[in-house]
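1. got a structure for you, letters missing:
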């Protein structure tokens with residue numbers, strides 16, 4: 001029969017399975033979201049029903065990824081909602097500071113327990129020589145993202161840049177909202193909460209943008225990131241000494257592309273899905289490999305986290321150390337990027353990665369004036385030649401930092417660099433291309449589209465928007481079919497889910 005569906009499998013499909021999270025690139029999500037979107041558009045005219053449906057589906061979506069640890073999500077929502085009301089409801093600065101301090105301790109305490117307990121135990125074992133056994137702790141997926149999102153609401157109320165909401169229901173929707181709960185963007189309550197009162201309206205332009213973002217996100221994630229990760233990057237990074245320096249260097253370039261396509265692909269789909277529901281989330285990427293400096297890179301990469309760290313960490317430290325002038329800025333940069341590294345994960349590679357970016361930005365501050373004079377003397381300031389050199393140099397710094405980011409031990413970094421320097425063997429280039437034509441093609445296409453002028457994206461969006469609804473559906477179906485051809489047997493979670 002055409003509809004030979006085993007109904008006994010449905011409870012299993014809808015139950016939590018740690019090895020099978022509900023992610024955007026799975027067929028199960030596509031089916032469930034299509035059904036939800038149908039009901040949402042049919043019954044969503046009523047605000048209470050609309051919000052209730054979104055909260056229910058968001059909690060189910062998170063339950064499929066974290067199981068009963070979804071209770072932590074609800075707990076943090078309650079803590080931060082009450083904290084916001086208490087901070088807004090008192091005039092005494094000492095009370096405001098106490099409530100803020102208590103809220104930060106609770107949020108960071110919960111995050112720290114799940115994410116860093118075993119890392120701390122490992123450090124203690126190394127220092128004292130003890131043999132404390134690691135705890136069997138499940139890391140709730142996305143906890144870093146929704147913790148920071150919740151804290152931004154409390155910080156904004158404390159800084160008086162927004163008023164607290166009286167609706168716990170609306171605040172829950174902000175915290176639970178499923179498109180960005182697992183890996184951002186870390187949007188602000190001040191931008192999200194006002195949209196809840198608006199009746200969903202999907203303009204022709206928004207529909208075109210949503211369809212384009214979902215298609216591009218699928219291609220980035222499944223076609224490029226997953227394929228080159230499984231079939232090339234992981235093999236080289238796991239055993240760098242088995243490969244030539246050329247292959248190691250290609251793997252470094254491939255991983256930079258993989259992590260970008262994986263993370264920005266998720267963001268593209270999150271923003272596109274949110275648009276279909278009538279919500280606009282903030283952009284999280286702006287062609288980061290076009291950056292002309294490390295500072296410019298962080299204005300283009302993971303923009304929501306960069307802005308969070310800038311507003312709530314860097315600026316307060318900078319203000320408190322302003323008497324130190326440039327050394328105050330350097331202190332703020334180093335602390336901010338160490339925290340950025342720690343936020344990404346419990347491992348020395350993440351700490352070293354954050355320290356590297358902080359050190360590069362600090363060094364740039366010290367040489368800013370002489371660098372400008374030097375470029376002016378050579379008459380190359382603001383020239384295309386200089387910009388090309390800056391982009392080239394910055395990209396390689398970023399690619400090197402991602403090599404640190406991915407490897408779990410520094411020896412692997414030394415091994416990869418050693419192969420690149422001492423065992424390069426550039427003469428095998430054409431053999432490499434012949435042996436891995438799909439990998440090379442995907443890398444070339446990925447970087448080519450990334451470095452195309454921004455107006456190409458505008459043209460693509462206009463083209464998709466101009467298509468009739470049937471045309472959009474056919475185009476989306478073709479992209480889904482293409483993604484299915486590249487999809488591996490095992491689900492490949494988004495890289496940033498572990499953070």
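-> Thanks, I have it. Not measured: the values here are computed from a predicted model. Numbers count the residues shown, from 1 in each chain.

2. residue 406: neighbour count?
-> For residue 406, the neighbour count with other CB atoms under 10 Å is 22. For glycine as for every other residue, the C-beta is placed from the backbone atoms N, C-alpha and C.

3. ok, it to residue 450 distance?
-> For residue 406, the distance to residue 450 (CB to CB, to the nearest Å) stands at 19 Å.

4. what do you get for residue 440?
-> From residue 440 to residue 450 the distance is 16 Å (CB to CB).

5. can you check residue 286 too?
-> 11 Å.

6. also residue 73?
-> Relative to residue 450, and taking CB to CB, residue 73 is found at 34 Å.

7. how about the closest residue to residue 163 other than its chain neighbours, what does it touch?
-> Among residues not flanking residue 163 along the chain, residue 88 sits closest, at 6.6 Å (CB to CB, 6 or more residues apart in numbering). Counting by CB atoms under 8 Å, 6 or more residues apart in numbering, residue 88 touches 157, 163-164.

8. buried subset of these?
-> For these, a burial check counting by 16 or more other CB atoms under 10 Å picks out 157, 164.

9. from the contacts of residue 88, pick the one nearest residue 355.
-> Residue 355 lies nearest to residue 157 out of the contacts of residue 88, by CB to CB, at 32.1 Å.

10. the closest one touches residue 163, doesn't it?
-> Yes: counting by CB atoms under 8 Å, residue 157 touches residue 163, with 7.3 Å between them.

11. give me the number of residues near residue 459?
-> Once other CB under 10 Å is used to define contacts, residue 459 is seen to have 11 neighbours.

12. around residue 435, count how many other residues there are.
-> 11.

13. cool, residue 282 as well?
-> Neighbour tally, residue 282, other CB under 10 Å: 17.

14. and the gap between it and residue 200?
-> 19 Å.

15. which element is residue 478 on?
-> Using DSSP states H and E, residue 478 maps to helix 469-486.

16. chain center to that helix: distance?
-> 25 Å (CA atoms, centre = their mean, to the nearest Å).

17. kindly report the same for stretch 414-421.
-> 29 Å.

18. and the longest helix for this protein?
-> The single longest helix within the chain, with elements called by DSSP state H, is helix 93-128.

19. in that helix, which residues are buried?
-> Within helix 93-128, the residues that qualify as buried are 96, 99-100, 103, 107, 110-112, 114-116, 118-119, counting by 16+ other CB under 10 Å.

20. which two among those residues are spaced furthest apart?
-> Across these (CB to CB), the longest gap, 34.9 Å, separates 96 and 118.

21. okay, domains of the protein per the record?
-> Following automatic domain parsing, one finds the domains of the chain at 17-196, 204-285+367-498.

22. reformat those as TSV; add distance to residue 341 and mean pLDDT.
-> Below are the domains of the chain laid out as TSV (distance: least, CB to CB, whole Å; pLDDT from 0 to 100):
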stretch	distance to residue 341	mean pLDDT
domain 17-196	12	91
domain 204-285+367-498	9	90
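
23. so what's the residue lying closest to residue 75 once chain neighbours are set aside up against?
-> Spatial nearest neighbour of residue 75, excluding adjacent residues (CB to CB, 6+ apart): residue 110 at 7.8 Å. The neighbours of residue 110, taking CB under 8 Å, 6+ apart as the test, are 72, 75-76, 143, 147.

24. residue 110 and residue 147: what is the separation?
-> Relative to residue 147, and taking CB to CB, residue 110 is found at 7 Å.

25. in three-state terms, label residue 137 for me.
-> State at residue 137, reduced to three classes by DSSP: H, G, I helix; E, B strand; the rest coil: coil.

26. how near is it to residue 361?
-> Counting by CB to CB, the gap from residue 137 to residue 361 is 33 Å.

27. the more surrounded of those two?
-> residue 361 (20 against 12).

28. can you name the residues that contact that one?
-> 294-295, 298, 333, 337.

29. looking at those residues, spot the one nearest residue 214.
-> residue 298 (26.6 Å).

30. secondary structure element for residue 149, which one?
-> Going by DSSP H and E, residue 149 is part of helix 143-158.

31. do the same with residue 66
-> Judged by DSSP H and E, residue 66 forms part of helix 47-66.

32. how far off centre is the next helix or strand after that helix?
-> Downstream of helix 47-66, the next assigned helix or strand under DSSP H and E is helix 70-89. Computed by CA atoms, centre = their mean, the separation of helix 70-89 from the middle of its chain amounts to 24 Å.

33. likewise for stretch 97-104?
-> Remark: stretch 97-104 is offset 27 Å from the chain centroid, using CA atoms, centre = their mean.

34. same question for stretch 448-458.
-> The answer for stretch 448-458 is 21 Å, by CA atoms, centre = their mean.

35. for that stretch, measure first residue to last.
-> End-to-end span of stretch 448-458 (CA to CA, to the nearest Å): 16 Å.

36. list the buried residues of that stretch.
-> 449-450.

37. can you list contacts of that stretch?
-> Here stretch 448-458 has contacts from 257, 260, 287, 289-290, using CB under 8 Å, 6+ apart.

38. now render the residues you listed as CSV, adding neighbour count.
-> Shown next, in CSV, are these (neighbours: other CB atoms under 10 Å):
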residue, neighbour count
257, 25
260, 24
287, 17
289, 18
290, 16
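
39. ok so, going back, for residue 110 and residue 147, list the residues in contact with both.
-> With CB under 8 Å, 6+ apart as the test, residue 110 and residue 147 both reach residue 76.

40. re the thing from before, and the two most separated of the contacts of stretch 448-458?
-> Every pair of those checked by CB to CB; the farthest is 257 and 290, at 13.7 Å.

41. related to what we said a few turns ago, got the angle between the helix or strand following the helix holding residue 149 and helix 47-66?
-> In the C-terminal direction, the helix or strand that comes right after helix 143-158 (DSSP H and E) is helix 168-176. In terms of direction (axes from the mean of the first three to the mean of the last three CA atoms, to 10 degrees), helix 168-176 departs from helix 47-66 by 40 degrees.

42. show me what helix 168-176 is packed up against.
-> helix 47-66, helix 70-89, helix 143-158, helix 189-196 (3 or more CB pairs under 8 Å, 6 or more residues apart in numbering; DSSP states H and E).

43. any idea of the angle the first one forms with helix 143-158?
-> Helix 47-66 runs at 140 degrees relative to helix 143-158, counting by the same axes, to 10 degrees.

44. run through who's touching helix 47-66.
-> By CB under 8 Å, 6+ apart, helix 47-66 touches 14, 16-17, 21-23, 36, 39-40, 43-44, 70, 72-74, 140-142, 169-170, 172-173, 176-178, 181-182, 196-197, 199-200, 277.

45. look up phi and psi at residue 45.
-> phi -70, psi -30 (degrees, to the nearest 10).

46. look up how far residue 148 lies from it.
-> 33 Å.
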